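Peer 1: Could you look at this predicted model? Sequence included:
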Amino acid sequence: MSLDLPFDNSYARLDERFYTKIAPTPVKDPSLITLNRPLAAELGLDADALETPDGIAFLAGNSVPAGADPLAQVYAGHQFGGWSPRLGDGRAVLLGEIVAPDGQRFDIQLKGSGPTPYSRMGDGRAWVGPVLREYIVSEAMHALGVPTTRALAAVATGETVLREAPYPGAVLTRVAASHIRVGTFQYFASQKDTKALAALTEHAISRHDPEVDGALGFLDGVIDRQAKLIAKWMGLGFVHGVMNTDNMTVSGETIDYGPCAYIDRFHPMQVFSSIDQQGRYAYGRQPEMAMWNLAQLATSLLPLIGEVEKAQASLDRFPDLYRTAWRNVFRAKIGLKTKAEDDDGLINGLIDLMAQGQADFTNTFRALGSHKARDEFVDPSIYDDWEQRWRDRLETEGASPEDRVAELQSVNPAVIARTHRIEQAIQAAVTGDLAPYKRLNTALATPFANPGEMEDLTRPPLEEEVVPQTFCGT
Ligand code: AMP
Ligand code: MG
């Protein structure tokens, strides 16, 4: 066993304009909540060593392992459309990067690791609720095939964090292709620091677009990745909730699982976040908001791209890229293998019916092909015309819904991280009972399998279980 972490810290080799070097603040009495052993293996880390007191001390931020070079990254961002000239890691430090056995480079970040110069109100801590939520949802997203930051571990700190009430503190070890955000580019653009902007772009290209030459190609790459990412969210009924520019990566990974949620009963304008009063980040607005964020990235890169027309042309590709990605996602969700003229109409026909019939988003798609989808609608008869239309369309591929059950179930999950289940898991964890949290994680690791004795996790919330609002992960 050894806690040898093969750090190679390329971000720390950028100059001091990009960060503040700062170590995590030790905690009182760290204990392991969860270690993600499969992820440890992917990273080439010794999971047994991570579970020893030395390993836990590292995951809690109590000891900085050899080779790490901890720092808080600086960035800016538009939050709900309003400009914040300086944000930065206020409750996280990047310990460094490791190169996994497969050659991929990953950031290792501790979240909830204590104050930094960028902390909002000097806090820098996290309580167990948001830490477990991020663990559950980010790992669920990974299992669903959605690019995302990962969770390597959750550690209890033995300290209390004061929010609306005192709660047990926790630290999350986040793993990401990088933590470079649209807001990182905005920060240097707003400072008119073109040299730093160029260095950042070169760094980001080396990590995410090594085959690309220059800022314009990089912008194209980010736009491609985000178009595909948002389409995947839409296909799962996922609402991110805080699509601020500081919460959009250039890697194309989903980041910052604060007030996020999957829709139960479908409504296209569903909002969950308590702070999203205007519905800016409602389900149906996510593509438009992604485009808005990407426009901020394009603007930030202008000093490097040179010609406005080129940046604009790159950005103008987004709607078509998104449409194509959306069509691919939803064609698969209704079991189509070929393309036909009115597939959009067919797909939207079902989506509209789901809204009208208050159907559960996940369970309706899961039940397609078994004729049980009908029962998901308050008035099941509204489904019948659509089903006939769908049958006719499948017939053009020489198939019936029944023939496509396996394909349908391989893209339409049975189990998602429903908000009420996350909430129940957190409430139990606060009282020291981790069983519901672990059970939920287990089910979410194989979301397309039939859940067997975990069938209850597929149920939409009962009226008394509905969580009407979600809160930012602080
Ligand atoms: P978020 O809402 O998580 O995207 O965070 C927005 C900004 O607030 C970032 O700069 C965070 O680092 C900072 N922030 C969020 N929570 C905390 C906290 N508990 N302590 C200090 N800063 C925070
Ligand atoms: Mg954030």
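Peer 2: Thanks, I have it. Because the structure is predicted, anything quoted here is derived from the model rather than measured. Ligands and ions are numbered 1, 2, ... in the order given.
Peer 1: Got the domain ranges for this protein?
Peer 2: 11-176, 334-411 (automatic domain parsing).
Peer 1: could those go into CSV alongside mean neighbour count?
Peer 2: In short, each C-beta sits where N, CA and C put it, glycine included. Shown next, in CSV, are these (neighbours: other C-beta atoms under 10 Å):
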stretch, mean neighbour count
domain 11-176, 20
domain 334-411, 16
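Peer 1: who wins for proximity to His267 among these?
Peer 2: domain 334-411 (5.7 Å; C-beta to C-beta).
Peer 1: Would you mind measuring the gap between the ends of the closest one?
Peer 2: Criterion C-alpha to C-alpha, to the nearest Å; first-to-last residue distance in domain 334-411 is 9 Å.
Peer 1: follow-up on the earlier one: between the domains of the chain, which gets nearest to ligand 1?
Peer 2: domain 11-176 (2.6 Å; C-beta to the nearest ligand atom).
Peer 1: so, in contact with ligand 2 or not, that closest one?
Peer 2: No. Contact between domain 11-176 and ligand 2 is absent, the nearest approach being 7.5 Å (criterion: C-beta under 5 Å from the ion).
Peer 1: returning to what we had before: how about the domains of the chain, which one is nearest Gly452?
Peer 2: Across the domains of the chain, closest to Gly452 is domain 334-411 (C-beta to C-beta), at 14.0 Å.
Peer 1: Can I get stretch 18-31 in PDB, CA atoms only?
Peer 2: Extracted in PDB, the C-alpha atoms of stretch 18-31 (Å, rounded to 0.1, in the frame of the first residue of the first chain):
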ATOM      1  CA  PHE A  18      -4.100  32.700 -12.300                       C
ATOM      2  CA  TYR A  19      -4.400  31.700  -8.600                       C
ATOM      3  CA  THR A  20      -3.400  32.200  -5.000                       C
ATOM      4  CA  LYS A  21      -1.300  29.400  -3.600                       C
ATOM      5  CA  ILE A  22      -3.000  28.300  -0.400                       C
ATOM      6  CA  ALA A  23      -3.200  25.000   1.500                       C
ATOM      7  CA  PRO A  24      -6.400  23.500   2.700                       C
ATOM      8  CA  THR A  25      -7.300  24.300   6.400                       C
ATOM      9  CA  PRO A  26      -7.100  21.200   8.600                       C
ATOM     10  CA  VAL A  27     -10.300  19.900  10.200                       C
ATOM     11  CA  LYS A  28     -10.800  18.600  13.700                       C
ATOM     12  CA  ASP A  29     -11.700  14.900  13.400                       C
ATOM     13  CA  PRO A  30     -11.800  13.500   9.800                       C
ATOM     14  CA  SER A  31     -13.600  10.300   9.100                       C
END
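Peer 1: Are it and ligand 1 in contact anywhere?
Peer 2: No. Judged by C-beta under 6 Å from any ligand atom, stretch 18-31 stays clear of ligand 1, getting no closer than 11.7 Å.
Peer 1: any idea how far that stretch is from the chain center?
Peer 2: Here stretch 18-31 is found 24 Å from its chain centre; the criterion is C-alpha atoms, centre = their mean, to the nearest Å.
Peer 1: coming back round to it: can you redo the domains of the chain as a markdown table with mean pLDDT?
Peer 2: Listed next are those as a markdown table, based on pLDDT from 0 to 100:
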| stretch | mean pLDDT |
| --- | --- |
| domain 11-176 | 97 |
| domain 334-411 | 97 |
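Peer 1: Reformat those into TSV and put distance to Glu309 next to each item.
Peer 2: Listed next are these as TSV, based on distance: least, C-beta to C-beta, whole Å:
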stretch	distance to Glu309
domain 11-176	24
domain 334-411	30
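Peer 1: between those domains, which one is nearest to Ser273?
Peer 2: domain 11-176 (9.7 Å).
Peer 1: Can you give the distance of the closest one from its chain's centre?
Peer 2: Chain-centre distance of domain 11-176: 15 Å, with C-alpha atoms, centre = their mean.
Peer 1: Quick one: end-to-end distance for that domain.
Peer 2: With C-alpha to C-alpha, one end of domain 11-176 sits 13 Å from the other.
Peer 1: can you give me the helices in the stretch 51-200 of the chain?
Peer 2: Using DSSP state H, counting those that start in this stretch, the helices of the stretch 51-200 of the chain run over residues 53-60, 128-143, 182-190, 194-208.
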